[in-house]
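# based on what follows, work out the 3D shape:
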Amino acid sequence: MSENQTMRPLDPTLADSFGLPTWLTANLKLIIGAIIAALLAAGGVAAWKWQTQRAARQASDELGAILIQKKGAERLQALSAFAAAAPGSVRLNALFSLADAAMAAKEWDTAAKAYADIAASTGPALGVPAALGRAGALLEAGKTTEALAALDALKASAPESFRSVIAMQTAAAAEAAGDAAAALAAYEALQAGESSPNPYFEHKIARLRAQLGESKS
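Purely as a prediction, here's the structure:
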């Protein structure tokens, strides 16, 4: 028997059997491994999302229970502890609740800190009102110079729609701080924004100008 007669034909490859490209069958194990890894990763992401949503629901329930069941100093203490460890999706509500409770309890420093945390973690829509809340808490605490500085900084960055509110609070803080010049500037800015003279602003401007030794123009 010749050499050609004794050779057995090669077994058909997987590519031959299923009509798959050779490059595909050569890398099939790697491709399957990558698919499995992708599926495991997707499953991990899904599990993480589920766990995150579950934690947020539990935290929301806990916050609701605090607001319903606790009052006064007990509520304030519970909210302080809760806000410190609350998940991101619930933390903002917790901070607002803490700020409200602190203001009601006249715990001005706690309220100022809560409002500062809100302002630092949100955009202008909530950040500016929170900054105003912080300035108000500082003013109530007698920290008039600090409140005035916070309002001056806010005025430089806040959207135009907040300017009159900031000016009004600046005027109050400046008067409380004994800064007649800053108060006058704030009331003049408020008057300039009115479509017609405002008697209250006119009175304040006249009194402050007299205090500063200025004559009314």
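
# surely Ser164 is in contact with Gln191?
No - Ser164 lies out of contact with Gln191 (CB atoms under 8 Å); the separation is 10.7 Å. Every C-beta, even on glycine, is put in place using the N, C-alpha and C of the backbone.

# more neighbours: which of those two?
For Ser164 versus Gln191, neighbours defined as other CB atoms under 10 Å are more numerous around Gln191 (16 against 13).

# nearest residue to that one other than its sequence neighbours?
Using CB to CB, 6 or more residues apart in numbering and skipping residues adjacent in sequence, the residue nearest Gln191 is Phe201, 4.3 Å away.

# and the one you found, what does it touch?
Neighbour list for Phe201: Tyr187, Leu190, Gln191, Glu194 [criterion: CB atoms under 8 Å, 6 or more residues apart in numbering].

# could you write me a ChimeraX select line covering just the buried ones among those residues?
To isolate the buried ones among those in ChimeraX, judged by 16 or more other CB atoms under 10 Å, type:
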select :187,190,191
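
# stretch 83-98: which residues count as buried?
Of the residues in stretch 83-98, those buried (16+ other CB under 10 Å) are Ala83, Ala86, Val90, Arg91, Leu92, Asn93, Ala94, Leu95, Phe96, Ser97, Leu98.

# sec struct for the last one, please.
Read that as Leu98. helix (DSSP: H, G, I helix; E, B strand; the rest coil).

# surely it meets Gln77?
No - applying CB under 8 Å, one finds Leu98 not in contact with Gln77, separated by 10.3 Å.

# tell me the pLDDT of the closest residue to Trp108 other than its chain neighbours.
Nearest non-adjacent residue to Trp108, counting by CB to CB, 6+ apart: Ala141, 3.6 Å away. We note a pLDDT of 95 for Ala141 in this prediction.

# over to the one 5 residues further on?
At Glu146, the pLDDT value in this model is 94.

# against which helices or strands is the helix or strand containing Ala186 packed?
In this assignment (DSSP states H and E), Ala186 forms part of helix 180-192. In this structure, helix 180-192 makes packing contacts with helix 163-177, helix 199-211, judged by 3 or more CB pairs under 8 Å, 6 or more residues apart in numbering; DSSP states H and E.

# list the contacts of the longest one.
In other words, helix 163-177. Contacts with helix 163-177, where a contact means CB under 8 Å, 6+ apart, come from 132, 135-136, 139, 144-145, 147-148, 151-152, 154-155, 158, 180-183, 186-187, 189-190, 193, 204.

# just how off-centre is it within its chain?
Its chain's C-alpha centre and that of helix 163-177 lie 25 Å apart, by CA atoms, centre = their mean, to the nearest Å.

# name the residues of it that are buried.
Buried-residue list, helix 163-177, by 16+ other CB under 10 Å: 163, 166-177.

# and what of stretch 179-191?
For stretch 179-191, by 16+ other CB under 10 Å, it's Asp179, Ala180, Ala182, Ala183, Leu184, Ala185, Ala186, Tyr187, Glu188, Ala189, Leu190, Gln191.
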